[in-house]
Every structure is written in structure tokens, then in C-alpha cells.
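Engineer: after the sequence you'll find the predicted model.
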Amino acid sequence: MSLFESLQIALFGLVTVFAVLVALSIVISVESKIFNFFVKKKDVQPSAEHEEQTVKANLTDIIPGQLKLIDVDEKTAAMIMAIVSDESQIPLSELNFKYIKAID
């Protein structure tokens, strides 16, 4: 096999690989659009209860060094703070939590 034939085979292989990658990319984007078409869009409208909690958790109402718990008991809040401290490798004494809110 000559050098020219080897280069032709290598070039053909590279073109084939990139063509398949482009085809896969197109197929994935088309499937994504098809699936998004069938998924119902949720109209997120905040309820009065949710707005009331948001007003309660307004950051301007928070005094420095104070932690507000919104629909969370103290035991769960302590566990959340410990996990955040452990995962971020920041000592708990250096973290400043303003509020912890339960998400439904």
C-alpha cells in the first residue's frame, strides 16, 4: 500500500466519523424538539400562599446573624447546614445562612 492510498483511507475514515457525528447531532436535536412539542407547558402562577411566604422571606427583613426557617423544622435545617458545610469544605462558623425554605 502506497502513502497516497494510506492517506486516502485515513481521510475517508475521518470524513465518515465526522459525518456520523453530525448526523447524530441532527437526530438528537430533532428528537428534542419533538419531545418538547408533546410535553405540556406548565403555567406557573404563584398562589397567594406562595406570595405570602416570599414576602415573609424578604431579605430586607432579615437581621444579620439571624436565620429564618420557612416550613422547615430546626432538625432539618441543622442537617442542611451541616451538609452544605461538609460539601463546600467551609467551616460552619464561617457560613452565613439567611433563610432556609422548604420547596414543594
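Structural biologist: Nice, thanks for sending it over.
Engineer: so, low pLDDT: which residues of this structure?
Structural biologist: Where the chain drops to pLDDT under 70, the residues are 40-65.
Engineer: can you map out the strands along it?
Structural biologist: 68-70, 99-101 (DSSP state E).
Engineer: what's the neighbour count on Val72?
Structural biologist: Residues lying near Val72 (other CB atoms under 10 Å) number 17. For the C-beta atoms, the positions are set from N, CA and C on the backbone; glycine is no exception.
Engineer: can you list the domain ranges for the protein.
Structural biologist: 1-41, 48-101 (automatic domain parsing).
Engineer: list the contacts for Pro91?
Structural biologist: Contact analysis of Pro91 by CB atoms under 8 Å, 6 or more residues apart in numbering lists Ser85.
Engineer: from Ser85, how far off is it?
Structural biologist: Distance, Pro91 to Ser85, by CB to CB, to the nearest Å: 7 Å.
Engineer: pull out the buried positions in the longest helix anywhere in the chain.
Structural biologist: In the chain, assigned by DSSP state H, the helix with the most residues is helix 3-38. Of the residues in helix 3-38, none count as buried by neighbour count, 16 or more other CB atoms under 10 Å.
Engineer: can you check stretch 68-76 too?
Structural biologist: By 16+ other CB under 10 Å, the buried positions in stretch 68-76 come out as 68, 72.
Engineer: check stretch 79-99 too.
Structural biologist: Quick answer for stretch 79-99 (16+ other CB under 10 Å): Tyr99.
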